[in-house]
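Enquirer: Here's a sequence, model it:
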Amino acid sequence: MLASFDVYRTRPCLGTCPGRTEAEGLDCNWHSYEEVGMSSRALAEGLREVVDGMGPSVILGLLSAVSDLG
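Expert: This is a model prediction of the structure:
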């Protein structure tokens with residue numbers, strides 16, 4: 001997966017589309033693979049720093065808004 005951030009760096013990877021149908025207009029705002037990769041790395045480094053400062057018994061869990069667990 002990490003290689004894809006480099007291989008496809010200029011291609012659109014993640015976007016938001018205010019209009020949900022073609023009739024509403026799919027005017028999407030895209031982030032490139034490079035942008036998403038850099039943001040992912042920054043988030044991972046920040047989380048690593050936080051958890052490292054909390055001690056060895058810390059467990060970190062992430063849930064998203066589309067999780068079935070909520």
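
Enquirer: quick check: longest helix of the protein.
Expert: Assignment by DSSP state H gives helix 33-52 as the longest helix of the chain.

Enquirer: tell me what that one is packed against?
Expert: Using 3 or more CB pairs under 8 Å, 6 or more residues apart in numbering; DSSP states H and E, the elements in contact with helix 33-52 are helix 2-7, strand 12-16. (Glycine included, C-beta is placed from N, CA and C.)

Enquirer: can I get those in TSV with distance to residue 60 and mean neighbour count?
Expert: TSV is the format used below for those (distance: least, CB to CB, whole Å; neighbours: other CB atoms under 10 Å):
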stretch	distance to residue 60	mean neighbour count
helix 2-7	20	11
strand 12-16	22	12
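
Enquirer: Let me know which of those is the nearest to residue 28.
Expert: Using CB to CB as the measure, strand 12-16 is the one of those that comes nearest residue 28, at 4.3 Å.

Enquirer: How far does that closest one sit from its chain's centre?
Expert: Per CA atoms, centre = their mean, to the nearest Å, the displacement of strand 12-16 from the mean C-alpha position of its chain is 10 Å.

Enquirer: Which neighbouring elements make contact with it?
Expert: Using 3+ CB pairs under 8 Å, 6+ apart as the contact criterion, the secondary-structure elements in contact with strand 12-16 are strand 29-32, helix 33-52.
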